[in-house]
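>>> only the shape, not the letters, is given here:
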């Protein structure tokens, strides 16, 4: 554990714990001095301020306890009676109850909703009385507390610095005011607050105060410990609601941190922080050395935990200054800075920036900062859960300044979900669901949390769709498809519906936007602006819609390399040889054609909610085929009737036509456009997913890479090679990390124990960039399936024989199938076979296979 | 107007060398009493404090208290241009945004001057408490440097234990363990620079990150002795007195002993 100097002369971590002890000492019976309540000297002031509130709520709870004959509450009351009236006791009492309250809340939230209404009456009454009675008592207690506190402090620390005394006494003076404020705030709480009664508002959730990063970390930590999705959502909901209540401006920051983003995904801002940067930052902050940190990282598999433990071992210097608590927005700001740093010496600057926040972080905060920077919080918090929680929070804690939802008036332009949400008579649970759908839809259309939250903080949720919707110019997450393994499976899923099959083109997904001001932009599947990469696409599309006079649209299409002379499509490998940016006036060697298949927006209207058949009709009406430039995806409409032959024939035709396979989509039912969703409504049928297509290969594990995260302690991926008989050597063909069950990971690792080799065995042809963490001497043969084979500059299969002396053949998307104990290493698939398989591919046959370049896809 | 002339210019050069690995940016605080620099490293684990008394300079004038914020590597680059034997003069206007450094060679045949752009550093000045330390060790600075260097081979944390036998520096790591025991010098040699004296009220044992101790030993050239003061659970002070003019002090927060708690 590392100390920073702050802990000494300031408010040290050590001192904190001793303070805690000091508090615990007078009441050893109270075993519930909760760890999560930092009862450090500096915090004691805050509880005092909120105590009036707590007293009130306590009374309410007593009442509730009587009503519900809740034993826990009565116990709490008894204890209070036994121990008499010390202020501090009361405080902790209410903390205990807070906890109980929280637990209870989780278990029977729904139930409480019903009860809430009657409770509110009680609350209001009690609150009025208590406010008067308690305020005076509180004030006295405040001072008493203060004195005790200072005495204790004096004992603990050899020297208390004057500045500290000054600040504490000034707080005392103002605390009366704060008490008043918080009670009036409590008085204002409306029905919607019934789930989040003020007991849940911990004492350090001061109104208007910036949210501490610690609060978010606490929620993260809690989520880390649970796996039930509903509970996770509930935790986030509670967090969001507290933030809406105290400081709504931090809500957006929380959402970004929870999603581990720094900007909307279409802005493609990346943190650009590698493990090595982080190791360096952690090393320097914790006063450790990088080898120790690396060794720990290898052992624990999580740099966040390593950072947390390393940091806690070094104290820091403070010399009387309180360390500034880390604010939520500081962390996000810092992340954004890190992301923005680029260019010369960027590594050093990034490390500096990371260190700055790490220094201020303590405990869990370090862990989540590091994980955040690594890009994986690893607490099982999915973006979808964040969205659900956000929607719930907005319904349960209506932000200040939002008009209460009005009863839906006939004729209003509202969707079913919105109408349902507005009708307060509907059960809360279902209204929440409606809210989730509204927020989800809003997010999928504008994929920007900022605008959603900004809107929801000002307008009721039922108006969200009026403010957040698809706008040409802002890319929308493309709709994705679920992979399927066989035609039968496809039919099973379709279940009697009308559907269409479209060619799945082997190109690049592109979203073409025409904005009202007449500009045409293209976006890739990752929402990157690709207008520069495909400068010919905008004019092509413009030409296609010239005659119809559209003013704006968003079109979903595939850009495919195209040979106009032979009128054939060319595989993706060729398309990817195009330059990233085309200079002005330069003409690309590789010609492309746009294959349009969907239309999401037309003339100022979002079409997302329309069925596919309607969308397609509008697309075909407004766009025209342009020779060699713009076409519609070839499609076949059918009704599911159990007959597979039509689809199979169509699939064969697609593959012959240089396509990857088929996309199968329902035409009417459930056929609205669902951004970023791998929906069952779109299915992809790819040739390599199909059973029996393409042989598996038998390869020899040459080496392995240590696993991370879930695979800590095992090998996470293996380097596999084929056997080259001519030279008696093994040539690497792929790095394989999929297809392993947990058992397989374990047994394979065990089985390879004896084969581990100190250094790279002779006769291995492996490029340096692929150097594994562990080498194996040839000992096993594994059956592996792969999507296809392609030329690679890193892999060495049949090196130099596939047209290019520098390059070998690699497998794309390899997947471990099983161990082949019946085969010897020399009987593994040999280089010759790999070469044959490569040439047997339709895509290679077509064009001689001399200019592939898709190293990015090689795993 | 601030002006300070130091015949032994190399002291400034050495101070910068002793600072620059630990501290990125810092303020030189000038007052009638002299110059002081106080800065924490970016991890807030250690603090470096330099004090140079005005009477140690040949000429010292400071009309108003001013703070000159500098980037240590930039200042270091400029000071590299001065010879060890040069006389260095520092000059700054009261509200200046730059610091002038003038180097005069020993024989007075060359005068160079440099101007360093200053920066605004908002560093909180820390009130370092006067602590009575339970033990104070004085030893040759070269000896200390050597011990730290040797121990660094073996591990990253070093335990310094003082008891009646002497001072024990120990380290353990993957390679093995290391111990260096230094006894107090007895009798006649006590006044020598090479003497080791141990002033102990009660035994103290603390653990520190060697990384920082190693940074501290960069100040070795500033003086023949180093004074290490320790008390349980507070930062250690490693002080290098600078003859006739002041000192450079390092504070380092100890490591928390984690035996068994994880």
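That came through fine. It should be emphasised that the depicted structure is a prediction, and the values quoted were computed from it without experimental measurement.
>>> outline the domain layout of the chain.
With no chain named, the answer covers chain A. A:33-194, A:492-689, A:697-857 (automatic domain parsing).
>>> um, chain B though
B:2-117, B:135-252.
>>> residue A:247: which of these is closest?
domain B:2-117 (27.1 Å; CB to CB). From N, CA and C alone the C-beta is placed, and that goes for glycine too.
>>> could you see whether chain A lies near the closest one?
Yes. Interface with chain A: domain B:2-117 contributes B:24, B:40, B:42-47 (CB under 8 Å from any CB of the partner chain).
>>> what about that domain, average pLDDT?
The pLDDT scores in domain B:2-117 average 91.
>>> could you work out the end-to-end span of that domain for me?
End-to-end span of domain B:2-117 (CA to CA, to the nearest Å): 16 Å.
>>> before we move on, the earlier item: name only those of the residues of domain B:2-117 next to chain A that count as buried.
B:40, B:42-47 (16 or more other CB atoms under 10 Å in any protein chain shown).
>>> among those, which ones are in helices?
Applying DSSP state H to these, no entry is found in helices.
>>> would you check which pair of these lies furthest apart?
B:42 and B:47 (11.7 Å).
>>> find the nearest non-adjacent residue to residue A:454, please.
residue A:252 (7.6 Å; CB to CB, 6 or more residues apart in numbering or on different chains).
>>> hey, least reliable of the domains of chain A by pLDDT?
domain A:33-194 - the lowest mean pLDDT of the domains of chain A, at a mean of 42.
>>> residue of the stretch 151-300 of chain A nearest chain B, please.
Here the residue of the stretch 151-300 of chain A nearest chain B is residue A:287; by CB to the nearest CB that distance is 3.1 Å.
>>> the residue nearest to that residue when sequence neighbours are not counted: how many residues sit nearby?
Nearest residue to residue A:287, sequence neighbours excluded (CB to CB, 6+ apart): residue B:209, at 3.1 Å. Using other CB atoms under 10 Å in any protein chain shown, residue B:209 has 26 neighbouring residues.
>>> pairing-wise in the sheet, spell out the partners of residue B:209.
residue B:157 (DSSP bridges).
>>> what of residue B:237?
Note on residue B:237: beta-bridge partners residue B:229, residue B:251, judged by DSSP bridges.
>>> sorry, back to before: any chance of CSV for the domains of chain B, columns distance to residue A:354?
Output for the domains of chain B, formatted as CSV (distance: least, CB to CB, whole Å):
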stretch, distance to residue A:354
domain B:2-117, 10
domain B:135-252, 18
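>>> closest to residue A:506 out of these?
Closest approach to residue A:506 among the domains of chain B (CB to CB): domain B:2-117, 50.8 Å.
>>> starting at the chain centroid, how far to the closest one?
14 Å (CA atoms, centre = their mean, to the nearest Å).
>>> ok, which stretches of the stretch 51-200 of chain B are strands?
B:59-62, B:66-71, B:87-92, B:98-104, B:111-117, B:135-140, B:157-163, B:166-172, B:177-182, B:197-200 (DSSP state E, counting those that start in this stretch).
>>> TSV for these, including distance to residue A:627 and mean neighbour count?
Below are these laid out as TSV (distance: least, CB to CB, whole Å; neighbours: other CB atoms under 10 Å in any protein chain shown):
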stretch	distance to residue A:627	mean neighbour count
strand B:59-62	84	16
strand B:66-71	64	19
strand B:87-92	76	20
strand B:98-104	69	19
strand B:111-117	65	14
strand B:135-140	90	21
strand B:157-163	75	21
strand B:166-172	78	19
strand B:177-182	81	15
strand B:197-200	95	16
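>>> can I get these in CSV with distance to residue B:215?
Formatted as CSV, those follow (distance: least, CB to CB, whole Å):
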stretch, distance to residue B:215
strand B:59-62, 29
strand B:66-71, 17
strand B:87-92, 24
strand B:98-104, 24
strand B:111-117, 23
strand B:135-140, 18
strand B:157-163, 13
strand B:166-172, 16
strand B:177-182, 19
strand B:197-200, 24
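>>> wait, which of the ones you listed is closest to residue A:599?
Closest among those, using CB to CB: strand B:66-71, at 57.2 Å.
>>> SS state for the residue of the stretch 401-550 of chain A found nearest chain B?
For the stretch 401-550 of chain A, the residue closest to chain B is residue A:450, as judged by CB to the nearest CB, at 30.2 Å. What DSSP: H, G, I helix; E, B strand; the rest coil gives for residue A:450 is helix.
>>> hang on, it packs against residue A:264?
Yes. Contact criterion CB atoms under 8 Å: residue A:450 and residue A:264 qualify, at 7.1 Å.
>>> neighbours around the residue of the stretch 151-300 of chain A closest to chain B, how many?
Applying other CB under 10 Å, I find that residue A:287 has 30 neighbouring residues.
>>> got a list of what it touches?
A:2, A:314, B:43, B:45, B:156, B:209, B:211-212, B:255 (CB atoms under 8 Å, 6 or more residues apart in numbering or on different chains).
>>> re earlier: show the pLDDT at the residue nearest to residue A:287.
91.
>>> report the separation between it and residue B:43.
The gap separating residue B:209 from residue B:43 is 9 Å, by CB to CB, to the nearest Å.
>>> circling back to that earlier point, after whichever helix or strand the residue nearest to residue A:454 is part of, which helix or strand is next?
Per DSSP states H and E, residue A:252 falls inside helix A:251-259. Using DSSP H and E, the helix or strand that follows helix A:251-259 in sequence is helix A:275-286.
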